[in-house]
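*Asks:* Quick one, structure for this:
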Amino acid sequence: MTNPLVPARRAALRRLGLGLGGVLGAGLAAVPEVGVLAAQVGDFVLGPPVADVAPRQLSPHVWLVYARDGFPTPENRGLMASIVFVVTSAGVVVLDSGASLQIGEMAIRMVRTVTPKPVVAVFNSHYHGDHWLGNHAFTRTFGPDLPIHALPHTIAQIRGTEGSIWRTLMERWTNQATAGTEIVVPNRPVTPGERLRFGDVTLVMHHHGTAHTPSDLCVQVVEDGVTHVGDIAMTNRIANLDDGSYPGTLRYYAAMQARTGPQLWVPGHGEPTRDLLDTYGRFLAGIWEPCVQAVQDGRDEAEAKAMVLRDPRVAARAATMAGFDRNIGKYVSLAFLEAEKEAF
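*Replies:* Next up, the predicted model:
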């Protein structure tokens, strides 16, 4: 979706006889007012660069570009989801590409501080834009045919309305810092259980039903005992479950752990930990189980919320979890509605 203000600015330049090419060609760039106007147009059409975030090595092959903030703001320019890259003997594989062209460009700079090898593949964990809008940067740098992998449902969502919606939302939330980002749809569908070999590294595709969304792809780096889990779990934030399922998430965790064994779990938001699925699973169960009980007892949603807030699994996280006060009511409501559906 083209931002409607961009053509308006360009039309204004044309009315002034100041198309950028004409400005420079006529030597008018030396005129202060023209230089300022040209700079403003350039900044609007293409958002500013994102400051470098030094990559951190998690294992022999796996590196993390960590997003400190859990939510997009003008100040962080949309850097809310971490980017993971895997250095293999065949090249670099990126697990989630970030929320914009500018963030993806920063990630490429960080890859180059670690290795001169090219990026040979990208994987998108799901269709929320903070995890895939950076695809644009990688195809600009490594070519339009760069393999970008995702589950078929994720590909369909990005190709459909989700793509345009997320690009627009990121521009709005960041005060246009992500402007210039184009929608680049994944071009390689993957299947659950599929094993892909990149030189000396094996990646296994995991999908075990609806969790955060209906199509959450988790990528296991077999040799390192590391699994990128996208948004099915978060270290210190409530995962958006508007498109997901509480019991589905808990089933997903059980299936993942049964198939992978102990792992370093790397979320899209928050620090990697070895107990992430256990600790976050307890928190989600502290929301889900009281809502199930409230429905069984014939209680209403307000009573369910009170039960959730009293649950020690939730109360223990209330003071420290990012966005807890703003979001707990919404996520109790989602759990209560899902519990009602399951009951009837």
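*Asks:* isn't residue 219 right next to residue 201, touching?
*Replies:* No. The pair residue 219 / residue 201 is not scored as a contact, 10.9 Å apart, by Cβ atoms under 8 Å. Every C-beta, even on glycine, is put in place using the N, C-alpha and C of the backbone.
*Asks:* And these two? Which one has more around it.
*Replies:* residue 219 (24 against 20; other Cβ atoms under 10 Å).
*Asks:* Confirm that the more buried one sits in a helix.
*Replies:* No. According to DSSP: H, G, I helix; E, B strand; the rest coil, residue 219 belongs to no helix; its state is strand.
*Asks:* Next, residue 168: secondary structure please.
*Replies:* Secondary structure, three-state DSSP: residue 168 is helix.
*Asks:* What are the boundaries of the helices in the protein?
*Replies:* 5-15, 20-25, 32-45, 101-114, 135-142, 152-159, 161-173, 246-260, 276-296, 301-310, 312-318, 324-343 (DSSP state H).
*Asks:* With respect to residue 54, which of those helices lies nearest?
*Replies:* helix 101-114 (6.9 Å; Cβ to Cβ).
*Asks:* buried stuff in the closest one?
*Replies:* Residues of helix 101-114 classed as buried: 101-111 (neighbour count, 16 or more other Cβ atoms under 10 Å).
*Asks:* will you turn those into CSV that also has pLDDT?
*Replies:* Converted to CSV, the buried residues of helix 101-114 look like this (pLDDT from 0 to 100):
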residue, pLDDT
101, 98
102, 98
103, 98
104, 98
105, 98
106, 98
107, 98
108, 98
109, 98
110, 98
111, 98
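*Asks:* Turn the helices of the chain into TSV, columns for distance to residue 197.
*Replies:* Formatted as TSV, the helices of the chain follow (distance: least, Cβ to Cβ, whole Å):
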stretch	distance to residue 197
helix 5-15	43
helix 20-25	47
helix 32-45	41
helix 101-114	20
helix 135-142	19
helix 152-159	21
helix 161-173	30
helix 246-260	17
helix 276-296	26
helix 301-310	45
helix 312-318	39
helix 324-343	39
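*Asks:* out of those, nearest to residue 81?
*Replies:* Using Cβ to Cβ, the helices of the chain put helix 101-114 closest to residue 81, at 8.6 Å.
*Asks:* tell me what the closest one is packed against?
*Replies:* Other elements packing on helix 101-114 under the criterion 3 or more Cβ pairs under 8 Å, 6 or more residues apart in numbering; DSSP states H and E are strand 62-65, strand 83-88, strand 91-95, helix 135-142.
*Asks:* Show me the one of these that comes nearest residue 159.
*Replies:* helix 135-142 (12.3 Å).
*Asks:* Where in the protein is the helix or strand with the lowest mean pLDDT?
*Replies:* Within the chain, no helix or strand scores below helix 20-25, which has a mean of 35 by mean pLDDT, DSSP states H and E.
*Asks:* distance between stretch 178-188 and the chain's centre?
*Replies:* Remark: stretch 178-188 is offset 13 Å from the chain centroid, using Cα atoms, centre = their mean, to the nearest Å.
*Asks:* Now do the buried residues in it.
*Replies:* Quick answer for stretch 178-188 (16+ other Cβ under 10 Å): 178-181, 183-187.
*Asks:* Ends of that stretch, what's the gap?
*Replies:* Using Cα to Cα, to the nearest Å, the end-to-end distance of stretch 178-188 comes to 25 Å.
*Asks:* Please list the outside residues in contact with it.
*Replies:* 3, 44-47, 77-78, 99-103, 121-122, 124, 132-133, 135-136, 138-139, 145, 147-150, 154-155, 158-159, 163-164, 167, 170-171 (Cβ atoms under 8 Å, 6 or more residues apart in numbering).
*Asks:* Which among those count as buried?
*Replies:* Counted by 16+ other Cβ under 10 Å, those give 3, 45, 47, 77-78, 99-103, 121-122, 124, 132-133, 135-136, 138-139, 148-150, 154-155, 158, 163, 167, 170-171 as buried.
*Asks:* Grab the nearest non-local neighbour of the residue most central in space within the chain.
*Replies:* Nearest to the mean C-alpha position of the chain, by Cα atoms, centre = their mean, lies residue 131 at 2.6 Å. Leaving aside its chain neighbours, residue 131 sits nearest to residue 96 (4.5 Å; criterion: Cβ to Cβ, 6 or more residues apart in numbering).
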